[in-house]
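**Student:** Below are the sequence and a predicted model for it; my questions follow.
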Amino acid sequence: MDETKSRGTRPSRPAGRKSRNTTTTAGPAAPGKAPAAKRPVKGGAVSKSTASAEREMMVRMAAYFRAERRGFAPGYEIEDWLAAEAEVTARTAAAPARKARKTAARKPKSG
């Protein structure tokens, strides 16, 4: 039986030849592939960097909408940013963070 038929459509590599797709763990990621996402922390906790990045995005959006309301007139960027920060701080302080829900323990089925 032919070797290519038993192993699929790809013929085997000659011994001693390295694969083209060799990367080290410290090397850059392959083009077109995003780095692996970190798993969220158990218990619903949010890391400090994630919370600050989320807050900054909220401030950016609020500042943009303030600028849009006034027609993007130049010279008010700092005022828009400071007002947006105050708005986001007031919103996040008013709504306390949700606690992770505990699931009820099930009783074993009798029978």
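**Tutor:** Perfect, I can see it now. Since the structure is predicted, the reported quantities are computational estimates derived from the model, not experimental observations.
**Student:** the helices in the chain, which residues?
**Tutor:** Counting by DSSP state H, the segments of the chain that form helices are 3-6, 48-69, 77-94.
**Student:** And these: which comes nearest Ala104?
**Tutor:** Taking Cβ to Cβ, helix 48-69 is the member of the helices of the chain nearest to Ala104, at 29.1 Å. C-beta here means a position set from N, CA and C on the backbone, and glycine is covered the same way.
**Student:** what about the helices of the chain, which gets the closest to Lys102?
**Tutor:** Lys102 lies closest to helix 48-69 among the helices of the chain, at 22.6 Å (Cβ to Cβ).
**Student:** helices and strands around that closest one, which ones?
**Tutor:** Using 3 or more Cβ pairs under 8 Å, 6 or more residues apart in numbering; DSSP states H and E, the elements in contact with helix 48-69 are helix 77-94.
**Student:** hmm, who's touching the helix it packs on?
**Tutor:** The contact list for helix 77-94 (Cβ atoms under 8 Å, 6 or more residues apart in numbering) reads Arg55, Met58, Val59, Arg60, Ala62, Ala63, Arg66, Ala67.
**Student:** switch the cut-off to 6 Å
**Tutor:** Contacts to helix 77-94, defined as Cβ atoms under 6 Å, 6 or more residues apart in numbering, come from residues Met58, Val59, Ala62, Ala63, Arg66, Ala67.
**Student:** count of neighbours near the second one?
**Tutor:** With neighbours defined by other Cβ atoms under 10 Å, the count for Val59 comes to 20.
**Student:** what's the answer for the third one, then?
**Tutor:** Residue neighbour count, defined by other Cβ under 10 Å, stands at 19 for Ala62.
**Student:** Repeat that for Glu85.
**Tutor:** 16.
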